[in-house]
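Student: sequence first, predicted model second:
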Amino acid sequence: MLRVLALRLLRIVPVFLLVTVGVFGLSMLLPGDPAVALAGEYATPEQVEEIRARLGLDKPWPVQYLVWLGGVLTGDLGTSLYSPEPVAVSILNRLPVTLSLAFVSIVIAVAIGLLGGVLAAVQRGRPLDRLTTVLSTLGIATPTFWVAMLLVILFSFTLGWLPAVGFKPITAGIGPWLAHIILPATALGLAGGAELLRHTRSNMIETLGQDYIRTARAQGLTPGAVVWQRALRNASVPVITVLGFLVAQVLAGAVITEQIFSLPGLGTLAIDAVFRKDLPVIQGVVLVNATVVLVINLVTDFIYTLVNPKVRHA
């Protein structure tokens, strides 16, 4: 297993370098000139050129990329164009918010996906199966922002049970933290849970039809033991792969969700940076999100290898 883990780590290195090229290149293609935005509307061309030289924007793109990559490899993501605070510090201050949102969203998605998928497979062709199929289709088709607004209207404005905006760190207590994170996490986790439910259902139906499941039933195992101990373990192998994509989906959806609920996370930081053309912040946020996805995919790949030994030598 150590050999498998080492090989997976080695594969991440070129992927990470390609990610840095993509992040830097796409940020350079954004419309507008950061130097012009920073200098102001009435700045002279000489003032704009002075700012460009000070920021290093007058150098060729390959030189700018190498300078930026050197900083990234040493943990220096640069400094915001509008604040003396280093980009890494800004990201670290906001990262707990996004991680809280992503964690609770994934927990909700996994709970909906696994439990709903197993129940739908066991009740195949019955009303419960039809109901979960319809609900999962609605969950996938419904935009996250629309679900978020409905949740705010219902649980905040109408019932008054939960706050509509803001965030409390977990150090303030589990209750306040969960009260502020549960609505955005639910809005973000429903679509992923619906997609995971469909994968779980189809894999469970296929697994429940296998010969070894019929043998387990013939040996006198209870229906619960057959489903949860025998069938789910084998059916979960393809589902694990879906979880890796679910993390990327959650991080992408966090941008809009944080805006709706006024959460001070990486999503709102990125949106503000885009409007202000703050390139160092944009590059830093996108790179951190991409790195998190790479790490999660590595963990997912490793868990997949543990569950399915056939791929250890792949």
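Tutor: Thanks, I have the structure now. Numbers count the residues shown, from 1 in each chain.

Student: going forward, measure contacts and count neighbours with C-alpha atoms only.
Tutor: Will do.

Student: tell me where this structure has helices.
Tutor: Listed from the start of the chain, the chain has helices (DSSP state H) covering 2-28, 34-39, 45-55, 61-73, 87-122, 127-141, 144-151, 174-208, 211-218, 223-225, 232-260, 266-276, 279-307.

Student: now the ones you listed as TSV including mean neighbour count, distance to Thr158 and mean pLDDT?
Tutor: Shown next, in TSV, are the helices of the chain (neighbours: other Cα atoms under 10 Å; distance: least, Cα to Cα, whole Å; pLDDT from 0 to 100):
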stretch	mean neighbour count	distance to Thr158	mean pLDDT
helix 2-28	14	42	79
helix 34-39	19	42	75
helix 45-55	15	50	81
helix 61-73	14	47	87
helix 87-122	21	23	89
helix 127-141	16	23	87
helix 144-151	18	10	88
helix 174-208	23	14	88
helix 211-218	13	48	79
helix 223-225	12	40	77
helix 232-260	19	17	78
helix 266-276	19	26	86
helix 279-307	19	35	81
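
Student: now those helices in CSV, with distance to Gly166?
Tutor: Output for the helices of the chain, formatted as CSV (distance: least, Cα to Cα, whole Å):
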stretch, distance to Gly166
helix 2-28, 29
helix 34-39, 30
helix 45-55, 34
helix 61-73, 31
helix 87-122, 10
helix 127-141, 25
helix 144-151, 14
helix 174-208, 7
helix 211-218, 49
helix 223-225, 42
helix 232-260, 9
helix 266-276, 12
helix 279-307, 21
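
Student: what about Pro163, how many residues nearby?
Tutor: 18 (other Cα atoms under 10 Å).

Student: relative to Leu81, how far out is Ala37?
Tutor: Per Cα to Cα, to the nearest Å, Ala37 is found 10 Å from Leu81.

Student: ugh, typo on my part, it should be Leu26
Tutor: Leu26 is 18 Å from Leu81, where distance means Cα to Cα.

Student: swap in Arg124?
Tutor: With distances defined as Cα to Cα, the gap from Arg124 to Leu81 amounts to 57 Å.

Student: pick out whichever of these two has more residues nearby.
Tutor: Legend: neighbour count by other Cα under 10 Å for Arg124 and Leu81, higher for Leu81 (21 against 14).

Student: got a list of what the closest residue to the more buried one other than its chain neighbours touches?
Tutor: Among residues not flanking Leu81 along the chain, Asp278 sits closest, at 5.8 Å (Cα to Cα, 6 or more residues apart in numbering). For Asp278, the set of contacting residues under the criterion of Cα atoms under 8 Å, 6 or more residues apart in numbering consists of 34, 80-82.

Student: with Ala102 instead?
Tutor: Going by Cα under 8 Å, 6+ apart, Ala102 touches 185, 247, 250-251, 254.

Student: kindly report the same for Ala290.
Tutor: Contacts for Ala290 (Cα under 8 Å, 6+ apart) come out as Val19.

Student: mind running it again at 6 Å?
Tutor: With Cα atoms under 6 Å, 6 or more residues apart in numbering as the criterion, no residue contacts Ala290.
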